[in-house]
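> need a 3D model of the sequence below.
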Amino acid sequence: IWNAYQVMVTFNLSRSASFFESGVGRGMGFRDSNQDLLGFVQMAPARARERLLDLAATQLENGGAYHQYQPLTKRGNDAVGSGFNDDPLWLVLAATAYLKETGDWSILSEPVVYENRPGTEQPLAEHLQRSMQYTLDRLGPHGLPLIGRADWNDCLNLNCFSETPGESFQTTENRGEGKIAESVFIAGQFVLAAKEMAGIAEQAAGGKPHPATSDLQPAAYYMQLAQQMEAAVRAHGWDGAWFLRAYDAFGGKVGSAECDEGRIFIEPQGMCVMAGIGLEDGLAEQALASVQGHLATEHGVVLLQPAYTHYRVHLGEITSYPPGYKENASIFCHTNPWIMIGEAMLGHGEEALNTYHRICPSVRAAISDVHRCEPYVYAQTIAGKDAPTHGEAKNSWLTGTAAWNYAAITQWILGIRASHDGLRVAPAIPASWSGFTASRLFRGVTYHIDVRRAGPGNRVALTVDGQPVAGDVVPLPRAGVGEVRVAVEVGR
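Numbers count the residues shown, from 1 in each chain. Next up, the predicted model:
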């Protein structure tokens, strides 16, 4: 209940009104709000639709995005500007989540302005295509996406080179043209987004009633883009036992075994595995084993190791924090669900649930003298193993952890998630679980789901209203049906 409530709070406020952050002047984050939508969309689809269109209306005509916008005026925040090169791809992932949840293909034909300027209207489908093109127009020497001001980690500022105490890393003018520093994280994100665009295009080709999708590139085009980017990641983003984090402005590796500090980062391990890179040939398995071996602690998975011990001007704000705090090797809770999802995708139910338990507020209530935070909401960060207060949480309530953790536990560990063709039920639960029951409202129909373990592994056998169904997707019922009963045997 509390996780869902926190998801609603973060959806309403993003990070714009906080006891810990910069208050109302910060505005709503473009990246933040798209991610919050991932956990909220099934709760209030109409509000999610409105938010999605509001976000798209702040997009730049080149496909880029203001990093923040003001919720009252719904205009981009000029004080922060754009250039955080992961931002546009989150719009694709949020729109896909909405489409899968609702089946409302009309939204793709909805005319949406750019930068809230009348006369610039284009269908939402075109906004999504421009989000993809933004990345393609900004590739670096290795064919990986340029990082710009930063990617998801706002504090990894590879083009900033700030030497002035007190100035903002996010708004300081970057040096040079920024055509060298690349992000492996964005590369994985692009692979995931391209696959989702392929799924949308495939549905369009199947005759869904949405005129705007007639202008979409075919599914094969997006799959080719995904394959090309994955090839670049494999060639230049794999470090031998885990995925690199980035290349800096001099072409040097970040997040490599070659580095003295910051050898391995959590973000590309989670994102590249979620994108499906290495699921078939063992790279994903190896990357997550490296996470467990180098980053996992009893209080959660830290963001990087070893922690940075002094300021490095070419890496930016990430190296300005004390070891074990914030982006410098704390347990940045937002990223932990990516590891849960990756483990679930590999069928590692025990590992996924163990990672979930380590940062779960109610579980951590037993160590409240260490956790020192509300036992019912997620915090942004928990002090890492390099910190003297290891295990102490900070910055509760307004964090993307809420939405991602809700998605990880409900959609991937319990395995109940929306798809274009119906409700998918594919649990990745521990072997010790005998099963569980759940109810899920999906497109106006209540699904009563009874999961029972029949043997080892995670293969499922579905029975829908007494009839066996092949695969793991419950087909959409005929019009007028209000309830569906689903029996699931796991390990068949």
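> helices of the chain, residue ranges please.
2-13, 30-40, 45-57, 87-102, 124-136, 184-205, 219-236, 266-274, 283-294, 336-345, 349-359, 361-364, 368-371, 401-407 (DSSP state H).
> now render those helices as CSV, adding mean neighbour count, mean pLDDT and distance to residue 77.
Placement of C-beta: from N, CA and C, glycine included. Formatted as CSV, the helices of the chain follow (neighbours: other C-beta atoms under 10 Å; pLDDT from 0 to 100; distance: least, C-beta to C-beta, whole Å):
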stretch, mean neighbour count, mean pLDDT, distance to residue 77
helix 2-13, 19, 94, 16
helix 30-40, 27, 96, 9
helix 45-57, 19, 97, 13
helix 87-102, 24, 98, 12
helix 124-136, 22, 97, 19
helix 184-205, 24, 96, 21
helix 219-236, 18, 98, 30
helix 266-274, 28, 98, 24
helix 283-294, 19, 98, 34
helix 336-345, 27, 98, 27
helix 349-359, 21, 98, 30
helix 361-364, 17, 97, 31
helix 368-371, 14, 98, 34
helix 401-407, 26, 98, 22
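> out of those, which gets nearest to residue 109?
Across the helices of the chain, residue 109 has its closest neighbour in helix 124-136 (7.1 Å, C-beta to C-beta).
> please name every helix or strand in contact with that closest one.
Counting contacts by 3 or more C-beta pairs under 8 Å, 6 or more residues apart in numbering; DSSP states H and E, helix 124-136 packs against helix 45-57, helix 87-102, strand 111-114, helix 184-205, helix 219-236.
> distance between it and the chain's centre?
The chain centroid and the centroid of helix 124-136 are separated by 18 Å under C-alpha atoms, centre = their mean, to the nearest Å.
> ok, residues contacting stretch 114-132?
52-53, 56-63, 66, 74-76, 88-89, 91-92, 95, 107-113, 190, 193-194, 197, 200, 210, 212-213, 215-217, 222, 225 (C-beta atoms under 8 Å, 6 or more residues apart in numbering).
> what's the neighbour count on residue 280?
8 (other C-beta atoms under 10 Å).
> what's near enough to touch it?
Per C-beta under 8 Å, 6+ apart, neighbours of residue 280: none.
> can you pull the pLDDT of it?
On pLDDT, residue 280 comes in at 96.
> quick thing: my sequence starts at 18, can you match it?
Sure thing, new numbering starts at 18, so read that last one as residue 297.
> quick one: it and residue 429, what's the gap?
Distance of residue 297 to residue 429, given as C-beta to C-beta, to the nearest Å: 18 Å.
> ditto for residue 302
17 Å.
> residue 58 too?
Using C-beta to C-beta, residue 58 is found at 16 Å from residue 429.
> same check on residue 99?
Taking C-beta to C-beta, one finds residue 99 at 32 Å from residue 429.
> same thing with residue 440?
14 Å.
> and for residue 405?
34 Å.
> same list, the helices of the chain, but as JSON lines with distance to residue 470 please.
Putting those into JSON lines (distance: least, C-beta to C-beta, whole Å) gives the following:
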{"stretch": "helix 19-30", "distance to residue 470": "24"}
{"stretch": "helix 47-57", "distance to residue 470": "27"}
{"stretch": "helix 62-74", "distance to residue 470": "32"}
{"stretch": "helix 104-119", "distance to residue 470": "27"}
{"stretch": "helix 141-153", "distance to residue 470": "40"}
{"stretch": "helix 201-222", "distance to residue 470": "30"}
{"stretch": "helix 236-253", "distance to residue 470": "34"}
{"stretch": "helix 283-291", "distance to residue 470": "25"}
{"stretch": "helix 300-311", "distance to residue 470": "23"}
{"stretch": "helix 353-362", "distance to residue 470": "16"}
{"stretch": "helix 366-376", "distance to residue 470": "10"}
{"stretch": "helix 378-381", "distance to residue 470": "22"}
{"stretch": "helix 385-388", "distance to residue 470": "32"}
{"stretch": "helix 418-424", "distance to residue 470": "23"}
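> show me the one of the ones you listed that comes nearest residue 277.
Proximity to residue 277 (C-beta to C-beta) singles out helix 300-311 among the helices of the chain, at 14.6 Å.
> touching the closest one from outside, list them.
The contact list for helix 300-311, computed with C-beta under 8 Å, 6+ apart, reads 251, 255, 258-260, 280-281, 283, 286, 289-290, 294-295, 318, 322, 356, 359-360, 362-363, 365, 368.
> quick one, what contacts residue 431?
444, 446, 453, 455, 468.
> and the second one, what pLDDT?
It stands for residue 446. pLDDT, read off for residue 446, is 97.
> got a list of what it touches?
So residue 446 contacts 366, 370, 430, 431, 432, 452, 453, 468, 470, 475, 507 (C-beta under 8 Å, 6+ apart).
> now do the last one
Residue 468 makes contact with 431, 442, 444, 446, 452, 453, 454, 455, 505, 507, according to C-beta under 8 Å, 6+ apart.
> now, of the residues you listed, which are buried?
431, 442, 444, 446, 455, 505, 507 (16 or more other C-beta atoms under 10 Å).
> what distance do you get for the first one to residue 449?
Distance, residue 431 to residue 449, by C-beta to C-beta: 15 Å.
> tell me how many other residues crowd residue 482.
13.
> distance of residue 348 from residue 426?
In terms of C-beta to C-beta, residue 348 sits 17 Å off from residue 426.
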